[in-house]
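**Q** pasting a predicted model and its sequence here:
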Amino acid sequence: MPVKMTAVRTALVDVPFEAPIRTSIHHISSVGCVLVSIETDAGLTGEGYLWSLSARRLDVLNAMVLSLADHVVGRDPHDTAAIWAAMWRDVNFFGHKGIPVFAISAIDMACWDLVGKANGKPVHKLLGAARDRIKAYHSGGLWVSMTIDDLVTQAREFVADGFGAVKIRLGKPSVAEDVDRVAAVREAIGPDIDLMADANQGFDVNHAIRLGRALEPFNLAWFEEPVMAYDLEGAARVAAELDTPVASGETEYTRYGFRDMLERKSADVLMPDLQRVGGVSEFVKVAHMAEAFDVPVSPHTFTEHSLQLCGALANVNYSEHMPWFAPLFNERLEMADGCFLIPDRPGLGFTFNTEAVARFRIATDGGACP
């Protein structure tokens, strides 16, 4: 159906955690989000969002989103390729990483949501469906700050909740401490549950190799972000030294960054993040490029909105379950036999809950354009 976009509106929210969490490099007590809604003359609304650790820098994200609204207003959302290219050219002066790409991503997500809604189909059907479910791993716990007893208890809870895969965070000062923690979780969940370990960029190359070798007996599905994300050479050294697959890419930007990763062999599993990769449009390009190298991909966070990509792309191997953003949506994730079901609702399949948005809204609010 013909559709013309008429306005871009944003709202700023801050979603608090029940208790602060810690990784090897982060201390987090909430996630701040810019919620982006694109209105149309057909009464349809497309939605996307961005997030940050806390709400302190939401204003700059919000300003960048609204600065790109003129590439959207008056256009048909089906023109995703032309809209993306126009925004890409427009942000050239500021660079093609960081905040400008975040803004492009949110608008692109909302456009694809509109395309699905305008056609009455879920996005994965429009992209070419590959599956109706995807194996999920629970990523919302097993933090560095937890004791071994707490890790064991929580890992068993995740398995009891139906997850066939869980992820533990690494980041203790010594190799032995991290090994003991992984060993305890592996014993608690048994050999048939997939186990991932995430260093959150916390190690240098030598430490990462020593730890990775020590963790080989625990049959990890992957060793994630063992070194700083910008150290592609170092990550490649780690990947070459280990039998365990190395996963990375959540802080990489667009097809150009992932091309570098593939060429340098810095990861065995790519982890595009919807807000850094460039939205749905660029995620698809990255996944297809990875497929040409026989490299799997697994989306980073954005559990709800990434499910359509999990349903469309044959080389996705897992969906990350990060429960932080669930309170913002009307719909809930559905699971069967350790897998998330791909929603068959039109668009991206999840819509903002107006009561939740009002509850989490912060004083410095979003805006609209025009």
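**A** All right, it came through fine.

**Q** any idea how far the longest strand along the chain is from the chain center?
**A** Longest strand in the chain by number of residues (criterion: DSSP state E): strand 5-22. Distance, stretch centre to chain centre, for strand 5-22: 15 Å (C-alpha atoms, centre = their mean, to the nearest Å).

**Q** just the buried positions in it, please.
**A** Met5, Val8, Arg9, Thr10, Ala11, Leu12, Val13, Asp14, Val15, Ile21 (16 or more other C-beta atoms under 10 Å). In short, each C-beta sits where N, CA and C put it, glycine included.

**Q** near the closest residue to Asp231 other than its chain neighbours, how many other residues are there?
**A** Excluding the flanking residues, the one nearest Asp231 by C-beta to C-beta, 6 or more residues apart in numbering is Val205, at 7.4 Å. For Val205, the count of nearby residues is 18 (other C-beta atoms under 10 Å).

**Q** isn't Gly278 right up against Trp84?
**A** Yes - the criterion here is C-beta atoms under 8 Å, and Gly278 meets it with Trp84 at 7.3 Å.

**Q** quick one, helices of the chain?
**A** 58-67, 80-90, 99-119, 123-127, 148-160, 175-189, 205-215, 232-241, 254-264, 274-277, 279-292, 303-312, 354-360 (DSSP state H).

**Q** run through who's touching stretch 354-362.
**A** Ala11, Leu12, Val13, Asp14, Val15, Gly32, Leu35, Ala55, Leu58, Pro327, Leu328, Phe329 (C-beta atoms under 8 Å, 6 or more residues apart in numbering).

**Q** let's go with 7 Å and repeat that
**A** Ala11, Leu12, Val13, Asp14, Val15, Leu35, Ala55, Pro327, Leu328 (C-beta atoms under 7 Å, 6 or more residues apart in numbering).

**Q** picking up where we left off before, looking at the buried residues of strand 5-22, which is nearest Gly116?
**A** Met5 (14.4 Å; C-beta to C-beta).

**Q** contacting residues for that closest one?
**A** Met5 touches Ile38, Thr40, Val72, Val73, Gly74, Arg75, Pro77, counting by C-beta under 7 Å, 6+ apart.

**Q** which of those fall within strands?
**A** Going by DSSP E, the strands hold Ile38, Thr40 from the contacts of Met5.

**Q** export the contacts of Met5 to CSV and tack on neighbour count?
**A** CSV is the format used below for those (neighbours: other C-beta atoms under 10 Å):
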residue, neighbour count
Ile38, 25
Thr40, 19
Val72, 24
Val73, 15
Gly74, 11
Arg75, 17
Pro77, 26
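
**Q** which one of the contacts of Met5 is nearest Trp88?
**A** Among the contacts of Met5, and counting by C-beta to C-beta, the member closest to Trp88 is Val72, at 13.8 Å.

**Q** ok, the closest one - contacts?
**A** With C-beta under 7 Å, 6+ apart, Val72 has these contacts: Met5, Val8, Ile38, Ile83, Ile107.

**Q** separation between it and Thr351?
**A** 19 Å (C-beta to C-beta, to the nearest Å).

**Q** what's the answer for Lys4, then?
**A** 21 Å.

**Q** who has more neighbours, those two?
**A** Thr351 (18 against 12).

**Q** test my guess that that one contacts Asn330.
**A** Yes - between Thr351 and Asn330 there is a contact under C-beta atoms under 7 Å: 5.0 Å.

**Q** please parse the protein into its domains.
**A** If you go by automatic domain parsing, the domain ranges for the chain are 5-120+354-369, 124-341.

**Q** how about the ones you listed, which one is nearest Gly347?
**A** domain 5-120+354-369 (3.5 Å).

**Q** correct me if wrong: Ile209 contacts Val238.
**A** Yes - look at Ile209 against Val238 with C-beta under 7 Å: they come within range, at 5.7 Å.

**Q** higher neighbour count, these two?
**A** Higher neighbour count among Ile209 and Val238: Val238, with 26 against 20, using other C-beta under 10 Å.

**Q** the more buried one and Phe350, how far apart?
**A** Computed with C-beta to C-beta, the distance linking Val238 and Phe350 is 35 Å.

**Q** coming back round to it: the more surrounded of Gly278 and Trp84?
**A** Gly278 (28 against 21).

**Q** residues in contact with the closest residue to that one other than its chain neighbours?
**A** Leaving aside its chain neighbours, Gly278 sits nearest to Thr254 (4.8 Å; criterion: C-beta to C-beta, 6+ apart). Neighbouring residues of Thr254 by C-beta under 7 Å, 6+ apart: His96, Val101, Val277, Gly278, Glu282.

**Q** and if we set it to 8 Å?
**A** Going by C-beta under 8 Å, 6+ apart, the list of residues near Thr254 reads His96, Lys97, Val101, Val277, Gly278, Glu282, Val286.

**Q** can you redo those as JSON lines with distance to Ala267 and pLDDT?
**A** Output for the contacts of Thr254, formatted as JSON lines (distance: C-beta to C-beta, whole Å; pLDDT from 0 to 100):
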{"residue": "His96", "distance to Ala267": "21", "pLDDT": "97"}
{"residue": "Lys97", "distance to Ala267": "18", "pLDDT": "97"}
{"residue": "Val101", "distance to Ala267": "19", "pLDDT": "98"}
{"residue": "Val277", "distance to Ala267": "14", "pLDDT": "98"}
{"residue": "Gly278", "distance to Ala267": "18", "pLDDT": "98"}
{"residue": "Glu282", "distance to Ala267": "17", "pLDDT": "98"}
{"residue": "Val286", "distance to Ala267": "12", "pLDDT": "98"}
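
**Q** quick one: distance of stretch 97-114 to the chain centre.
**A** So, by C-alpha atoms, centre = their mean, the centroid of stretch 97-114 is 13 Å from its chain's centroid.
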